[in-house]
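Participant: fold the following and give me the result.
(one chain, ligands or ions: 1)
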Amino acid sequence: MRIALLFPPAVLPTGPPLGIASLKGWLQSCVGARVEVRNFDLNFAHFEQACRWQSEGRLRMSLRKMDQQTTAQKVKAAVRFFRGEEAGAFFDQELYDEHARIYTGFGSVLNGLFDSFARKLLLGLPVPTLATMFLEELLAPVRAFEPDLAGFSILFSQQLFFAIALAKFLKDRGGPKIALGGATFSVMPDPGRLLGPIAVSGNDGQGSVDAGRLVDYLVVGEGEEGVKALVESGLCPHEDVPGLVYRKEGKLIGNPARGVLDLDALPVPDFSDTVPGLYHSPAPVLPYLSSRGCPWRRCAFCTHQKTYLHYREEHAEVAAGKISRLQEKYGASHFCLVDEMLAPRRLDAIARELIGKNVRVRFSAYARPSGFLPPVFETAHRAGLRLVLWGVESASQRVLDLMGKGTKAREIESILHAARKAGIWNMLFVLLGFPTETKAEWLSTLDFLDSCRESIHALSRSRFLLLEGSSVFLNPGRYGIKRILDRPQRDPVSVAYDYEVTEGLSVEESSELFRESLARLSGAGRSPWFGQFREHMLLYAAREASGSLSSNPPAAG
Ligand code: SF4
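Facilitator: Numbers count the residues shown, from 1 in each chain. Next up is the predicted model:
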């Protein structure tokens, strides 16, 4: 049996995808030689192919105030720059920002264009022949592999239509069984609706597509046990395949999900079908997940906490050992720990193991600003921590309490300050316009950002979105929401809902205030692009804060 694991477009390819690498490692360890597994990062291939076609004049896209040829040259230069092919220039902040602007602009045009092609293809509307040729070329390596099963790993909702359109291409020629899985489905209250008629809207109209004719099954929740059982069953869906959603005699069946309990027993992710050094970063930066779920799980706006069944973690010693093996195998010295959040005791434990094993890496981690004291940062810095991405959200204690964030506004500034003093960069997530928030509370967050500007290296600001599945969505009255507004033909990739409030800023007021606040918000941090390109931010942080440690990894760029 041959299994193709696919990561579909469209996100900007600054690092390799973790989901399919983890699944490949797992399948090889448990089903072994009976099954050949190959990973295809179609997202990366899509961007690379678009650049090539653009240079050859076969694809004709242009950025604002540029012709097609200039756009092609500038995008090529931006990719070269991000790959570190212009000696030392990557760390010139002005040049970086300029290339990031071009690169992001091109990504938006490209992804917008192909999203619209994908929607048209699904609706049976005509698309240019070149678009069909482009997608055929993209899929050629997958077809050549002749898989029995093509499993799409969907991390972001914007990948969904692209994946289903690619599934249509594969199915049109009697291709493999198609499975969709990934974090997006784990947070959907009713993922089974994707095996029936779904609404598709686009610039050229809207309609409905029977996705159940293109997709054979969904794997909801953590994929390992489900995919293994499906493979062992010879791809015949049945009730013992954990997390499988499928149709049987016209009836929709959803099996309960089951996760791997002992994370220590999982093999290291297998990135061998990708070339980490080719991604758009001057040094390979690998993602690594050392725990599943969030140990806090209480933030009312969040749906990430629902991606995994319950919180589990690898022993710190095992995590350090696996990071070391990845470093040896792929020559990567920079890692993004993508655990939902690392508590101080866990960060400290992992740091001590990295130091004890003499693993020379630089890494970033996500955390909640609570309970961190200077000694934890000092140890973590010695182990290679160079960047923490903090869920700050608000400076109003009332809002933080209502969110269930469990942090103390007065403690946050000293935590950021202690991290900076230890040589660690801080990136902050702030969330403005949480239901019931007043204008004064909103402005207090902006004042807070101004007051600790020195300790902020990057800022990711967003306006509150009411996400399906979040606690606010499930208990709206508790958060001053009197009505959730739905649309009859809801496109399955739009996960945010409109709502009406009984107190605080309305949705309209909050969107107006957000626009007004942008000037103040954009002054925070080194680069407005770091929030998007976190691998790059880690490289910058690692370079600036490398100090005189004897454990320095090779410099990037
Ligand atoms: S926002 Fe972060 S800390 Fe809060 S529940 Fe979600 S993942 Fe956990």
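Participant: near the ligand, which residues of the protein? Just list them.
Facilitator: By C-beta under 6 Å from any ligand atom, the residues of the chain that approach the ligand are Cys294, Trp296, Arg297, Arg298, Cys299, Cys302, His304, Gln305, Glu340, Met341, Arg368, Gly391. (Each C-beta comes from the backbone N, C-alpha and C, glycine too.)
Participant: backbone dihedrals for Trp390, please?
Facilitator: phi -100, psi 130 (degrees, to the nearest 10).
Participant: show me what contacts it?
Facilitator: Tyr366, Ala367, Arg368, Pro369, Ile412, Ile415, Leu416, Asn426, Met427, Leu428, Phe429 (C-beta atoms under 8 Å, 6 or more residues apart in numbering).
Participant: I'd like those as CSV, with neighbour count, secondary structure and distance to His457 appended.
Facilitator: Converted to CSV, the contacts of Trp390 look like this (neighbours: other C-beta atoms under 10 Å; DSSP: H, G, I helix; E, B strand; the rest coil; distance: C-beta to C-beta, whole Å):
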residue, neighbour count, secondary structure, distance to His457
Tyr366, 21, strand, 15
Ala367, 23, strand, 14
Arg368, 24, coil, 18
Pro369, 23, coil, 14
Ile412, 24, helix, 15
Ile415, 27, helix, 14
Leu416, 23, helix, 10
Asn426, 24, strand, 5
Met427, 24, strand, 6
Leu428, 26, strand, 9
Phe429, 16, strand, 13
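Participant: of those, closest to the ligand?
Facilitator: Arg368 (4.7 Å; C-beta to the nearest ligand atom).
Participant: ok, then the element right after the worst-scoring helix or strand of the chain on mean pLDDT?
Facilitator: Sorting the helices and strands of the chain by mean pLDDT, DSSP states H and E puts helix 183-186 at the bottom, at a mean of 78. As assigned by DSSP states H and E, the chain's next helix or strand after helix 183-186 is strand 197-202.
Participant: chain center to that following strand, what's the gap?
Facilitator: 24 Å (C-alpha atoms, centre = their mean, to the nearest Å).
Participant: and what of stretch 245-257?
Facilitator: Distance, stretch centre to chain centre, for stretch 245-257: 28 Å (C-alpha atoms, centre = their mean).
Participant: and stretch 55-74, by the same measure?
Facilitator: 28 Å.
Participant: just the buried subset of the residues of the chain next to the ligand, written out for PyMOL, thanks.
Facilitator: Buried residues within the residues of the chain next to the ligand, by 16 or more other C-beta atoms under 10 Å, are selected in PyMOL with:
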select buried, resi 294+296+297+299+302+304+305+340+341+368+391
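Participant: alpha carbons only: can I get the least confident helix or strand of the chain in CSV?
Facilitator: These are the backbone C-alpha positions of helix 183-186, laid out as CSV (Å, rounded to 0.1, in the frame of the first residue of the first chain):
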residue,chain,number,x,y,z
ALA,A,183,-6.2,20.6,13.5
THR,A,184,-9.0,22.5,11.6
PHE,A,185,-11.4,19.5,11.9
SER,A,186,-10.7,19.0,15.6
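Participant: list the contacts of that helix.
Facilitator: Under C-beta under 8 Å, 6+ apart, the answer for helix 183-186 is 19, 154-157, 159-160, 191, 194, 218-222, 257, 304, 306-308.
Participant: quick one: contacts for the residue nearest to the spatial centre of the chain?
Facilitator: By C-alpha atoms, centre = their mean, the chain has its centre lying nearest to Leu155, at 6.0 Å. By C-beta under 8 Å, 6+ apart, the contact list for Leu155 reads Phe7, Val11, Pro17, Gly19, Gly182, Ala183, Thr184.
Participant: nearest to Ala140, of these?
Facilitator: Ala140 lies nearest to Phe7 out of the contacts of Leu155, by C-beta to C-beta, at 16.6 Å.
Participant: so how far is the ligand from the residue lying closest to the closest one once chain neighbours are set aside?
Facilitator: Of all residues not flanking Phe7 in the chain, Pro17 sits nearest, at 4.2 Å (C-beta to C-beta, 6 or more residues apart in numbering). The gap separating Pro17 from the ligand is 20 Å, by C-beta to the nearest ligand atom, to the nearest Å.
Participant: which residues does Pro17 contact?
Facilitator: Contacts here follow C-beta under 8 Å, 6+ apart; on that basis Pro17 touches Phe7, Asp41, Asn43, Ser153, Leu155, Thr274, Pro287.
Participant: max pairwise distance over these: which two?
Facilitator: Leu155 and Thr274 (15.1 Å).
Participant: what number of residues lie near the one residue in the stretch 51-200 of the chain that gets nearest to the ligand?
Facilitator: With C-beta to the nearest ligand atom as the measure, Val187 is the residue of the stretch 51-200 of the chain nearest to the ligand, at 11.0 Å. The tally of other residues near Val187 (other C-beta atoms under 10 Å) stands at 20.
Participant: quick one, grab the pLDDT at it.
Facilitator: As summarised for this prediction, Val187 has a pLDDT of 73.
Participant: for Arg297, see how far away the residue nearest to it when sequence neighbours are not counted is.
Facilitator: Using C-beta to C-beta, 6+ apart and skipping residues adjacent in sequence, the residue nearest Val187 is Thr303, 4.2 Å away. Applying C-beta to C-beta, to the nearest Å, the value for Thr303 to Arg297 is 11 Å.
Participant: do Val338 as well
Facilitator: 17 Å.
Participant: Leu389 now?
Facilitator: 18 Å.
Participant: how many other residues sit next to Gly205?
Facilitator: Gly205, neighbours per other C-beta under 10 Å, totals 11.
Participant: wait, Leu518
Facilitator: 10.
Participant: can you check the pLDDT for the residue nearest to Ser55 when sequence neighbours are not counted?
Facilitator: Nearest non-adjacent residue to Ser55, counting by C-beta to C-beta, 6+ apart: Ala72, 5.0 Å away. Model confidence at Ala72, expressed as pLDDT, equals 92.
Participant: and what of the one 5 residues further on?
Facilitator: Looking at Ala77, its pLDDT stands at 95.
Participant: ok, now Gln68?
Facilitator: 88.
Participant: from here on, call the first residue 26.
Facilitator: In the new numbering, first residue 26, that becomes Gln93.
Participant: got the contact list for it?
Facilitator: For Gln93, the contact set (C-beta under 8 Å, 6+ apart) comprises Gln79, Gly82, Arg85, Met86, Ser87.
Participant: got a ChimeraX select line for the buried ones in those?
Facilitator: If you want just the buried ones from the contacts of Gln93 in ChimeraX, going by 16+ other C-beta under 10 Å, the selection is:
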select :79,86
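Participant: redo the contacts of Gln93 as JSON lines? Include distance to Lys196 and secondary structure.
Facilitator: Below are these laid out as JSON lines (distance: C-beta to C-beta, whole Å; DSSP: H, G, I helix; E, B strand; the rest coil):
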{"residue": "Gln79", "distance to Lys196": "29", "secondary structure": "helix"}
{"residue": "Gly82", "distance to Lys196": "32", "secondary structure": "coil"}
{"residue": "Arg85", "distance to Lys196": "29", "secondary structure": "coil"}
{"residue": "Met86", "distance to Lys196": "28", "secondary structure": "coil"}
{"residue": "Ser87", "distance to Lys196": "34", "secondary structure": "coil"}
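Participant: out of the contacts of Gln93, which comes closest to Phe142?
Facilitator: Proximity of those to Phe142, judged by C-beta to C-beta, is greatest for Met86, which lies at 12.4 Å.
Participant: report how many residues lie close to the closest residue to that closest one other than its chain neighbours.
Facilitator: Of all residues not flanking Met86 in the chain, Val134 sits nearest, at 5.1 Å (C-beta to C-beta, 6+ apart). Counted with other C-beta under 10 Å, the neighbours of Val134 add up to 17.
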